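1. structure of the sequence below:
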Amino acid sequence: MHYEDYWGLKKGPFENVPDPRFYFPSARHEEGLQRLLYGIESRKGAIMLTGEIGCGKTLLSRTLVQHLSHERYDLALIANPSFEATDFMKEILYQLGVNQTGSKLDIVHALNDHLLNNMNKGRDTVLIVDEAQAIQDVAIFEELRLLLNFQLNDRFLLTFILLGQPELSTKVEAFVQLSQRIVIRYHLTPFSPEEVADYIDFRMQAAGASRVVFVPEAMQAIYEASDGVPRRINTIADLALLIGFMERHKQIGPEVVKKAFKEAQ
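-> Purely as a prediction, here's the structure:
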């Protein structure tokens, strides 16, 4: 018997995977999502979203993708950008479904042709770079800046979004030519105590819960143990459900949360 059966759940509610079905629309996450959508729909060119480790940037990006219709948008998603600059450009083409080898100039021409072809079909091209703080080759920042030169008199042919931990801001600020062209910036912060309680309720219901499992004191204990960071909340809540199942509790109280936090450290 898994703990899901014990608690009357259809699936695990606190998996640390970017499943849009478990996207919790907190005020900060919704503001971040709306800013990203505005930047894409208005063809702003360059957008950056940062947040502490585990604050839900990747899940937010996967939720964003669900808002972008395939008919209107051609999307390239780079989950690990730790390439050299030329390989980075090749990866963009690969993600856009373009098979191109050859020189750097060949790659640039192929990308330009693809962007123009999309525009002629009425499609916008969007590049999402996740974990962008992992970019080691600074030449990639120059390539990103140059991508913004793919434009007509009245519009960019490409919109790119950089997602990353706070050190991404430092890296971008050091590259002034790129930094000045990022027109939308947003920073995700952890949840408040009230949001933690709502978040736990939301994910439990999304997993099929039909009754209250976490008592209010347990939610407060999870907030204090996690500092409101979603990934930590998930880890502690998941362990609490497992411990509660093994010890045959009817509900999860603060003592179970304390045991879970101890195990999670």
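2. now do the buried residues in the helix or strand encompassing residue 37.
-> According to DSSP states H and E, residue 37 maps onto helix 27-41. For helix 27-41, the neighbour count (16 or more other Cβ atoms under 10 Å) marks 28-29, 32-33, 35-36, 39-40 as buried. (Each C-beta comes from the backbone N, C-alpha and C, glycine too.)
3. show me where the stretch 1-150 of the chain has strands.
-> Counting by DSSP state E, counting those that start in this stretch, the stretch 1-150 of the chain has strands at residues 46-51, 73-78, 124-129.
4. so which of those gets nearest residue 226?
-> Among these, the nearest to residue 226 by Cβ to Cβ is strand 46-51 (14.7 Å).
5. strand partners (parallel or antiparallel) of the closest one?
-> Neighbouring strands of strand 46-51 in its sheet, by DSSP bridges, are strand 158-164 (parallel), strand 184-188 (parallel).
6. quick one: contacts for the most centrally placed residue in the chain?
-> What sits nearest the mean C-alpha location of the chain, by Cα atoms, centre = their mean, is residue 58, with 1.9 Å. Residue 58 sits next to 18, 130-131, 163 when contact means Cβ atoms under 8 Å, 6 or more residues apart in numbering.
7. repeat that for residue 178.
-> Residues near residue 178 by Cβ under 8 Å, 6+ apart: 46, 141-142, 144-145, 172.
8. residues near residue 61, how many?
-> Per other Cβ atoms under 10 Å, the neighbour tally for residue 61 reads 22.
9. where in the chain is pLDDT low?
-> 1 (pLDDT under 70).
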